[in-house]
Structures are given as C-alpha cells and as structure tokens.
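**Student:** how would this look folded up:
(one chain, ligands or ions: 1)
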Amino acid sequence: FDQREGHIWYDGVFVPWAEAKLHVLSHGLHYASSVFEGERAYGGEVFKLEEHTERLHESARILGFEIPYSAETINQATRELLAKGNLVDAYVRPVAWRGSEMMGVSAQSNTIHLAIAAWEWPSYFKPEERLKGIRLDMAAYRRPDPMTAPSRSKAAGLYMICTISKHDAERKGYADALMLDWRGQIAEATGANVFFVKDGKIHTPKPDCFLDGITRRTVIDLAKRRGFEVIERAILPDEMEGFEACFLTGTAAEVTPVSEVGPYTFTVDAITKTLMEDYHVEVQPKAAAKVAAAG
Ligand code: PMP
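**Tutor:** Predicted coordinates:
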C-alpha cells in the first residue's frame, strides 16, 4: 500500500505517496498514541466531513493531545487532496500521532503529526450481491469498560482486539466478528455498529462503550423519518434467537445485511432493504441526491 501514485497530505504539505514516512521511534507506533478517521467521498464530496473532522479532534483530546490543525484546515486539505488526485468515489484516511522526540511512556513535548491519505474506492452498490448477507463469528474478545479504555476515541490502540477478532473470524471462513462488551451485552462488529429487527421495530445497543458511528446516527435518523421505531438498549446475545433481521452500519460497511451470527440466522427483511436504499440516496452529494430521489 505504500508504493502508490499520487500524494499524501502530511503536516501541511502534499508529499509523494511513497515518501510519506515516519521514524521507527515514533511514540504513536510504540505506545499507540494515534487516532484516525475513516471517511468516504461520494461524487467528489466526503459524506459528513465536518463530523468526521470533529471526531478526529475529539479522539485526540481524549488521548490528551491537540491536533495542531484547525477543522477548517483539515477540511480544506481533504478537499484539495481529492481534487489533486481526481478522486470521485474514494476512501479518506486521516491519522494523527505523537512523534519521536521522547521515547518512553511520557511524551509530553512530542510533535503531533497529521497525515491524510485518500484513494479511489467505488461504492459497489449492488443490492443483489449484498442481499445475501454476511456471516459473523462471535468474537472471543470483549469491548472494554469505559473505565478501562478511552472508548469514545477512535484510537489505534482500541483496534488491537478488533484485528485479532477479525483474523480469527476470517480463518474460520466468516466475514467478520460480533463483539460483546465487558458485561456480556452485544456491542458491535470489528469496524461497524450493529442493528436488529423484530416485529417491525429496530433494536440497537446503546453506544456506551464503543463508537457511536456517524453512519449509525444517520441510519437511526433515516429509520425515524420512515416512521420505524428505534430502540437503543442493552441487548443480550441469546435475544438473537428471536430477531428476524440483522445489519451492520459504518462508513465502509454502509448498511450491510447479516445472514448469520454464530448459531443464529436472519433474513434480509423489508426494513433492512429500505434503509440500505435510503442510505445510498442520503450519501450522494446534495444535487445528485435530489435526482436519485425523484427518479
Ligand atoms: N465501530 C468501529 C469499531 C468502527 O471502526 C467504525 C468505523 N469507523 C464504526 C463503529 C462505525 O463508525 P462510522 O459509522 O462513523 O464509520
């Protein structure tokens, strides 16, 4: 991934992709003092860019550091990066980390770096493919208590258990894994939030120890606009027996139906299909969305 064409915005300047390097003694690498975002551009515009940038700033503050670039600067850099690379449908990855001046747990005076990369990533909106649903394993690791980890930060360190869980699931032939929280309640997948449907109502865990995804909030709004009831509550794994449908939400996942979680099976119901389509329309740049809604 490090030998591509194009540019990466790095500490205020555009550098050739292959030259966007950092020192091996960076604090971010050793002590996970690193936060990032996952964004997506549709038709040349990042969906909810301002919210992602705000979350990036907030993630860093939770870890005790301030990103030395304003939201305006970051948003402008992102737009320039997309324009420079002629990127229309793309994934955008900002990452901020503590640099290499001090090597130890304490890194009070280390420089805070910020890089933004973007690459072409079309949204293959093929409902017929997605409607098969994906299969999830149950993860062995659990989301930690917010007293144990900075749960509200999109911090690199919190992804350690996600990568382990995802690799375990892939080894067994599953697409992803569903994680419980430290109490044994359903939390989320390794990079997406989870929803269930039963008797025409939508149920989703309260985001009290994992990311309250931007897609999650968008989908809840879309569901309410359709008049569906959305219940945010503690959900225990054995309740999956009675749920009819399940889907994931996330910048990358968009709205992805789930056909299986461990021993439980689900259908792709009308509510899931409606929300998949509504989300697809919602993410389009405003002018295009009007055409899509009319046509
Ligand atoms: N949970 C985790 C662990 C994630 O990595 C993501 C993706 N950022 C989400 C939830 C969904 O968040 P969003 O909808 O903001 O992409």
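
**Student:** quick check: residue 273 is in a helix.
**Tutor:** Yes - when DSSP: H, G, I helix; E, B strand; the rest coil is applied, residue 273 is found to be in a helix.

**Student:** start at 650, not 1
**Tutor:** In the new count, where the first residue is 650, that last one comes out as residue 922.

**Student:** surely it meets residue 779?
**Tutor:** No - the pair residue 922 / residue 779 is not scored as a contact, 9.5 Å apart, by Cβ atoms under 8 Å. Bear in mind the C-beta positions are built from the backbone N, C-alpha and C, glycine included.

**Student:** which of the two has more residues huddled nearby?
**Tutor:** residue 779 (20 against 17; other Cβ atoms under 10 Å).

**Student:** what sits against the more buried one?
**Tutor:** 905, 906, 925 (Cβ atoms under 8 Å, 6 or more residues apart in numbering).

**Student:** considering these, which possesses the most neighbours?
**Tutor:** residue 906 (22 neighbours).

**Student:** and stretch 730-739, which residues are buried?
**Tutor:** 730, 731, 734, 736, 739 (16 or more other Cβ atoms under 10 Å).

**Student:** export the residues you listed as TSV, with columns for pLDDT, distance to residue 883 and secondary structure.
**Tutor:** Formatted as TSV, the buried residues of stretch 730-739 follow (pLDDT from 0 to 100; distance: Cβ to Cβ, whole Å; DSSP: H, G, I helix; E, B strand; the rest coil):
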residue	pLDDT	distance to residue 883	secondary structure
730	98	41	helix
731	98	40	helix
734	97	44	coil
736	97	41	coil
739	97	37	strand
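
**Student:** from those, which is closest to the ligand?
**Tutor:** Set against the ligand, the nearest of the buried residues of stretch 730-739 by Cβ to the nearest ligand atom is residue 739 (14.8 Å).
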